[in-house]
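sequence plus the predicted model coming up.
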Amino acid sequence: MKIRRRFDSLLGQVSMYRLVTLALIVLIIQAFVLSAIGIIFYSPTALATSLATLLIASYVSNWACAAVMRVHPHSESAIITALLLFFVAFPASAPIDLLVLAFAAFAANASKYLITYRGKHVLNPAAFGIALVTVVPLTSAAWLIATPAFLPLVALASFVILYRTRALGTGLLFVAFAFALHTVQMVSTGFFGIGDALWWSIGSYPLVFAAGFMVSEPLTLPSNRWHRVVVAVVMAVFAAFPFAVGSVLLGPEFAILFGNVVAFVLRRQRGLNLRLVRQTQLTPTSYEFEFEARNAVDFVPGQYVELTLPHRRADLRGLRRMFSITSVPGSQRLSIGVKVPADHHSTFKSALLELEEGDRVQATGISGGMALPDNSTIPVLLVAGGIGITPFVSQIRTAAQLAGAHERDIVLLYSVSDPSEIAYTELPGVRVYVLSPTAPEDMPEGWSYIGDRRIDAEVIASVVPDSAQRHTMVSGSTGFVDTVSVSLRGAGVRHITTDPFFGS
Ligand SMILES: Cc1cc2nc3c(=O)[nH]c(=O)nc-3n(C[C@H](O)[C@H](O)[C@H](O)COP(=O)(O)OP(=O)(O)OC[C@H]3O[C@@H](n4cnc5c(N)ncnc54)[C@H](O)[C@@H]3O)c2cc1C
């Protein structure tokens, strides 16, 4: 548990995009070493010219597309696209081949702006770029990365990325399913023994790389667990059974695209343009930001919004963050509650605080999260640590709006580091128990102070004796969620849903 927490907090220092970039850079260094010692066929010169071409073409085409579309370019994702293409396309040094690579990079970046739905791209840009130049046909995918020597580092990087993007289950399902199918398919040709087929499928076929670096792409991956299962299976089947249309072989890059199309049909996330209406300080270390969208915002209470906030001199944590939505669905107004550590905080949070009324922010998606059970007669126990209260605010306020005859039985355990850190007090219809070092001076009706205590099995048993019958949700930092989940299980609670605030 301790190791996992350390691992989480280490990964929390770096944004998902920065993590993928760093992992790709490490693999690129390895590619040059393998090329220099003759393990991969392509010369260091071909690698260097391909890399330079892809980086320049990707950066410039992304910038140009953004200028044409009048949006802010997200340069980091253009760099990732170039680095991915480096491992997928044929390395080249002849000018005409380099032009083809540049075209692939251009197509990849253009797809981000042209093949979109409600502000989000639909297809994995790198997969689209290489698929287009394959279909035209100008070249085909080489999957340089599918060389056994890369496997240990690729596997490690893929694991870390999938863990960080919370897509480990999806990635593992994809790899396991595609690996099994691909092995069976090879053996069934009669040319390979089982040993060769197993080794070839894992070492010389790009399944692990595709899982970690492409299947995991957050904007094309659905948030719903079952949708992810469907997408992983679709991608695995197409990756395991590449088929030819005319003279074009539809390999793993097409499998990713087919999965993206299925994900697009299934997912309900969308991009939103938001205008800041108000910023309010909730506690000494937290703020509420209220935005207005052009149309009513549709989401399920408990879901979160991903905000992209381009700003100068961004730190390693990057330009995107997720925040649970605190407002109720169906209104044009969308609000979030944000913890801003007093001593030292990220450049993202500084930029957020510096926003002025009327400033616009891009929400790149609404997704995930924990929903109250559909059946409103099921009693609920909510456990919040600090700013972890946010998803519950929307759930409680929405439940109160719908209440009437179907009033829900909700108990909230609210743990704060100081009474002044109670961020939300308007939580109608809920029994609230506050845990904090000192008692709050005055509390709303229905609230009780239960002392300077940690949430352990004893507290749960004494305050919520029927906890085992309740549907329980825990929200807060990963450390808080982990500790409380253990205590809840100790108290006999079985139905626990969690929402850790990664990196907080
Ligand atoms: C599904 C989901 C929902 C979420 N909902 C919410 C929500 O409703 N409200 C909310 O506040 N958060 C929420 N989060 C967490 C949020 O997205 C951020 O990850 C979190 O607030 C940390 O923000 P930050 O990276 O800007 O760091 P900060 O909050 O600014 O800092 C966190 C810690 O990191 C340190 N730190 C800051 N910058 C750096 C740096 N450059 N290098 C090293 N250390 C640094 C700080 O000293 C501090 O100790 C949610 C996360 C998820 C995954």
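Ah, there it is.

all strands for the stretch 251-400 of the chain, in order.
Remark: strands assigned in the stretch 251-400 of the chain by DSSP state E, counting those that start in this stretch are 272-283, 286-293, 304-308, 320-324, 333-339, 360-367, 380-385.

for the third one, packing partners?
Taking 3 or more CB pairs under 8 Å, 6 or more residues apart in numbering; DSSP states H and E as the contact definition, the neighbouring helices and strands of strand 304-308 are strand 320-324, strand 333-339, strand 360-367. C-beta here means a position set from N, CA and C on the backbone, and glycine is covered the same way.

so which of these gets nearest residue 481?
Nearest to residue 481, of all those, is strand 320-324, at 13.3 Å by CB to CB.

could you pull out the strands in the stretch 1-150 of the chain for me?
With DSSP E, counting those that start in this stretch as the criterion, the stretch 1-150 of the chain has strands spanning 116-117, 120-121.

how close does residue 337 get to residue 475?
12 Å (CB to CB, to the nearest Å).

neighbour-wise, which of the two wins?
It is residue 475, of residue 337 and residue 475, that has more neighbours when counted by other CB atoms under 10 Å, with 27 against 24.

any idea what the more buried one is bridged to?
residue 384, residue 499 (DSSP bridges).

tell me if I'm right that it and residue 484 touch.
No: here residue 475 lies out of contact with residue 484, judged by CB atoms under 8 Å, at a distance of 9.5 Å.

so for the two, which residues contact both of them?
Listed contacts common to residue 475 and residue 484 are 383, 385; contacts here mean CB atoms under 8 Å, 6 or more residues apart in numbering.

now tabulate the strands of the stretch 251-400 of the chain in JSON lines and tack on distance to the ligand and mean pLDDT.
Output for those, formatted as JSON lines (distance: least, CB to the nearest ligand atom, whole Å; pLDDT from 0 to 100):
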{"stretch": "strand 272-283", "distance to the ligand": "10", "mean pLDDT": "95"}
{"stretch": "strand 286-293", "distance to the ligand": "7", "mean pLDDT": "96"}
{"stretch": "strand 304-308", "distance to the ligand": "4", "mean pLDDT": "89"}
{"stretch": "strand 320-324", "distance to the ligand": "4", "mean pLDDT": "90"}
{"stretch": "strand 333-339", "distance to the ligand": "4", "mean pLDDT": "96"}
{"stretch": "strand 360-367", "distance to the ligand": "9", "mean pLDDT": "84"}
{"stretch": "strand 380-385", "distance to the ligand": "11", "mean pLDDT": "95"}
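
what number of residues lie near the residue of the stretch 101-250 of the chain found nearest the ligand?
Residue nearest to the ligand within the stretch 101-250 of the chain (CB to the nearest ligand atom): residue 166, separated by 7.7 Å. Number of residues near residue 166 (other CB under 10 Å) recorded here: 16.

show me what from this protein comes close to the ligand.
13, 304, 315-317, 321-324, 336-339, 341, 344-346, 348-349, 368, 387, 390, 499, 501-504 (CB under 6 Å from any ligand atom).

show me what contacts residue 261?
Per CB under 8 Å, 6+ apart, neighbours of residue 261: 122, 123.

check what pLDDT it gets.
As predicted, residue 261 sits at a pLDDT of 95.

for the lengthiest helix in the chain, name the packing helices and strands.
Using DSSP state H, we find that the single longest helix of the chain is helix 44-69. Helices and strands touching helix 44-69, by 3+ CB pairs under 8 Å, 6+ apart, are helix 16-36, helix 75-88, helix 95-114.

just want the angle from that helix to helix 75-88.
Orientation check (axes from the mean of the first three to the mean of the last three CA atoms, to 10 degrees): helix 44-69 against helix 75-88 gives 140 degrees.

got the domain boundaries for this structure?
For the chain, the structural domains run 12-144, 151-267, 272-367, 380-500, going by automatic domain parsing.

looks like residue 326 contacts residue 396 (just checking).
No: when contacts are counted by CB under 8 Å, residue 326 is not listed as touching residue 396 (9.9 Å).

if we ignore the residues flanking it in sequence, what's nearest residue 186?
Closest residue to residue 186 apart from its sequence neighbours, by CB to CB, 6 or more residues apart in numbering: residue 197 at 3.9 Å.

contact partners for that neighbour?
Here residue 197 is in contact with 182, 183, 186, 187 (CB under 8 Å, 6+ apart).

before we move on, what about residue 328?
Taking CB under 8 Å, 6+ apart, we find residue 328 in contact with 301, 394, 397, 398, 401.

whichever of those end up buried, select them in PyMOL.
Buried subset of the contacts of residue 328, written as a PyMOL selection, criterion 16 or more other CB atoms under 10 Å:
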select buried, resi 301+394+397+398
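
now tabulate the contacts of residue 328 in TSV and tack on pLDDT and distance to residue 278.
Shown next, in TSV, are the contacts of residue 328 (pLDDT from 0 to 100; distance: CB to CB, whole Å):
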residue	pLDDT	distance to residue 278
301	89	21
394	95	17
397	91	17
398	87	20
401	76	21
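
just put the contacts of residue 328 in a markdown table and tack on distance to residue 259.
A markdown table is the format used below for those (distance: CB to CB, whole Å):
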| residue | distance to residue 259 |
| --- | --- |
| 301 | 29 |
| 394 | 31 |
| 397 | 36 |
| 398 | 33 |
| 401 | 38 |
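
restricted to helices, list the contacts of residue 328.
394, 397, 398, 401.

just flag the most distant two among the residues you listed.
Spanning the widest gap among these are 394 and 401, at 10.6 Å by CB to CB.

for residue 219, grab the count of nearby residues.
Counted by other CB under 10 Å, the residues lying close to residue 219 total 23.
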